[in-house]
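S.K.: Dropping a prediction and its sequence here:
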Amino acid sequence: MRTLYIAPILILLVSSSAMSRSHNVNQASVPFVGCRSDGQLGPRPAPKRHLTPHLLPKIAQKLAFYAAADGQGVLAPRGWKCFGFYGSNGQGLIVTSQSVDFRKFFSANGFTTKLNAVELSYNYGGTSGRWAVAHAITRYLPAYRKFIQTNFDGLEVGPLPKGPYPHDVLVRHSANAVRYVTPPFTAGEGTSWMLSPSSRPIQGFATLLGDVKEPNLSKVNVRLPEAYEDLADVIIDNARREAN
């Protein structure tokens, strides 16, 4: 039986409410960091400007807002390194605690890392990104099953998952969104793209957006060092609002 994981969601809602009440009262902007990106049409330079969120000063001083030329941006600890990816299936962004060779993302073996990182992805349900959308539906969001019947009926495809990863702990946030935690040293939703299992847990949030017949999937995964763990709710809450 899966365990319902309630505490982070409660913290997230309290944090969001507190930030809403204190809007424009003793708030500070976070610095912007532009990220280079690469994808279907070749390399793109880092953008120079982007709107950034305003946060309580004690939180803002620890974070920066990272974004590439395509897609939404994300909060992550200051001084980290970032790179963006884009294509017909969607966009992605990863911000890591140390410099890595992101060119490996395009190699035959792909790119994975055990570093602390913040990972953001956005997949289109109307293109090849539908595979990621279908996986989210079959694992967490059954209210959207008609999308699978419409887009995959009659296709010879590999088996889709029948439920959540066995070791993930999660809470159903709504019919179209879920908050989850992938524990240390285990495979789960948090390790389904570029983050590989490590000694630190991964907190994440996934949501389906747009037309129920052809939704898009927005997802953020956050793995932070212990000293920064209290920032996970702020990062996830901001990513959720940016997606909407």
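M.R.: Received it, and whenever you're ready, just let me know what you need. Since we're looking at a predicted model, the values are computed, not measured.

S.K.: any low-confidence regions in the chain?
M.R.: 1-25, 153-158 (pLDDT under 70).

S.K.: Let me see the ranges of the strands in it.
M.R.: 28-29, 32-34, 37-39, 54-55, 63-67, 74-77, 81-87, 90-96, 117-123, 169-174, 177-182, 202-209, 216-223 (DSSP state E).

S.K.: Relative to residue 193, which of those is closest?
M.R.: strand 117-123 (6.2 Å; CB to CB). All C-beta atoms are positioned from the backbone trio N, CA, C, and that covers glycine.

S.K.: Adding mean neighbour count and distance to residue 141, write the strands of the chain out as JSON lines.
M.R.: Shown next, in JSON lines, are these (neighbours: other CB atoms under 10 Å; distance: least, CB to CB, whole Å):
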{"stretch": "strand 28-29", "mean neighbour count": "12", "distance to residue 141": "34"}
{"stretch": "strand 32-34", "mean neighbour count": "18", "distance to residue 141": "32"}
{"stretch": "strand 37-39", "mean neighbour count": "21", "distance to residue 141": "27"}
{"stretch": "strand 54-55", "mean neighbour count": "19", "distance to residue 141": "30"}
{"stretch": "strand 63-67", "mean neighbour count": "24", "distance to residue 141": "27"}
{"stretch": "strand 74-77", "mean neighbour count": "26", "distance to residue 141": "22"}
{"stretch": "strand 81-87", "mean neighbour count": "22", "distance to residue 141": "24"}
{"stretch": "strand 90-96", "mean neighbour count": "24", "distance to residue 141": "17"}
{"stretch": "strand 117-123", "mean neighbour count": "25", "distance to residue 141": "13"}
{"stretch": "strand 169-174", "mean neighbour count": "17", "distance to residue 141": "8"}
{"stretch": "strand 177-182", "mean neighbour count": "23", "distance to residue 141": "7"}
{"stretch": "strand 202-209", "mean neighbour count": "24", "distance to residue 141": "6"}
{"stretch": "strand 216-223", "mean neighbour count": "26", "distance to residue 141": "9"}
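
S.K.: ok, now which ones touch the residue positioned nearest the centre of the chain?
M.R.: Nearest to the mean C-alpha position of the chain, by CA atoms, centre = their mean, lies residue 220 at 1.1 Å. By CB atoms under 8 Å, 6 or more residues apart in numbering, the residues touching residue 220 are 74, 118-121, 204-205, 235-236, 239-240.

S.K.: ok, now residue 185?
M.R.: 197-199.

S.K.: Derive a ChimeraX selection command for the buried subset of those.
M.R.: Selection of the buried residues among the contacts of residue 185 in ChimeraX, burial being defined by 16 or more other CB atoms under 10 Å:
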select :197,198
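
S.K.: Among the contacts of residue 185, name the ones in helices.
M.R.: Members of these lying in helices (criterion: DSSP state H): none.

S.K.: got TSV for the contacts of residue 185, with distance to residue 45 too?
M.R.: Formatted as TSV, these follow (distance: CB to CB, whole Å):
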residue	distance to residue 45
197	33
198	31
199	35
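
S.K.: Return the distance of stretch 202-215 from the chain's centre.
M.R.: Mean-position distance between stretch 202-215 and its chain equals 10 Å (CA atoms, centre = their mean, to the nearest Å).

S.K.: Also stretch 102-113?
M.R.: 18 Å.

S.K.: residues of that stretch that come out buried?
M.R.: 102, 105, 111, 113.
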